[in-house]
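Visitor: the amino acid sequence is not available; the structure is as follows:
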DNA sequence: AAGCCTGTCAACCGCCGAGAT
DNA sequence: AATCTCGGCGGTTGACAGGCT
């Protein structure tokens, strides 16, 4: 039996107060990130370490952009989602200043609906042929798509295979998945994908990008990319 | 004005993989 | 090789706000 990540009793839950935020910020400024398990005690917080990490990453980090998503960010999310499925952290890694949680929420509350309204199935990014959305999708057949060729990633909600995480650094393999589908999806997305280290600060971002570009044979390049149906309709 | 409904988003939960022992 | 710990991820929940009736 797995131990809880920390002692649940005597820990606060729910919304963070300003004081708690300040304690966390102060502590991380002084000591840096890491060792989340011991951080709460060291920082004088009655919080679970995970909670601290989440609060920092999703809300307090100084390099967060916040606010509305720009149009190009939306485009990028849609493209990346077509390619990667619900791997939000990977998608967020391509959007400086955005967090996986933010991207996930934005997808679920805005983009998903948007695609549906346009008659596009947000799960596989194909034109849904006015198929009623809530009708049980024929997953077996829809699995002949992008996402399916990527070994049915988790965004195929109805028939998810066991999750296999930690594949994040193997995503470039997915590129080859696009070649075979001739059934209407943007099969020739032609996306090279490089996994980028999440930006730790804006100051480092450029350096990291340079570094990655230098040290990797592939780099995301949408400039010659065929838009997905979703994106074609967007414009 | 009050109650209900819906959308948004911060936060939590449980699981997994990697690394350490 | 087995077990443990930790950090990270994606799915889900619940509080809140705003719109609608």
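Guide: Cool, got the structure. Given the structure is predicted, the values throughout are model-derived calculations rather than measurements. Residues are numbered from 1 along each chain as shown, chains lettered A, B, ... in the order given.

Visitor: neighbours around the closest residue to residue A:99 other than its chain neighbours, how many?
Guide: Counting by CB to CB, 6 or more residues apart in numbering, residue A:99 lies nearest to residue A:58, which is 4.8 Å off, once chain neighbours are set aside. Yep, even glycine has a C-beta here, placed from its N, CA and C like the rest. Neighbourhood size, residue A:58 [other CB atoms under 10 Å]: 14.

Visitor: so residue A:58 touches residue A:104, yeah?
Guide: No: using CB atoms under 8 Å, residue A:58 is not in contact with residue A:104; the gap is 10.4 Å.

Visitor: related to what we said a few turns ago, which residues touch the residue nearest to residue A:99?
Guide: Residue A:58 makes contact with A:64, A:99, A:101-102 under the criterion CB atoms under 8 Å, 6 or more residues apart in numbering.

Visitor: name the SS class of it, please.
Guide: Using DSSP: H, G, I helix; E, B strand; the rest coil, the structure places residue A:58 in helix.

Visitor: against residue A:122, how distant is it?
Guide: 23 Å (CB to CB, to the nearest Å).

Visitor: domain ranges for chain A?
Guide: Domain assignment for chain A by automatic domain parsing gives A:18-60, A:71-234.

Visitor: between those, which gets the lowest average pLDDT?
Guide: Among the domains of chain A, domain A:71-234 has the lowest mean pLDDT, at a mean of 58.

Visitor: next, count neighbours for residue A:30.
Guide: Around residue A:30 there are 9 other residues, counting by other CB under 10 Å.

Visitor: helices or strands up against the helix or strand containing it?
Guide: Using DSSP states H and E, residue A:30 sits within helix A:18-31. Here helix A:18-31 touches helix A:39-43, helix A:49-55, going by 3 or more CB pairs under 8 Å, 6 or more residues apart in numbering; DSSP states H and E.

Visitor: so after the last one, what's the next helix or strand?
Guide: Okay, so that is helix A:49-55. Next along from helix A:49-55, by DSSP H and E: helix A:71-84.
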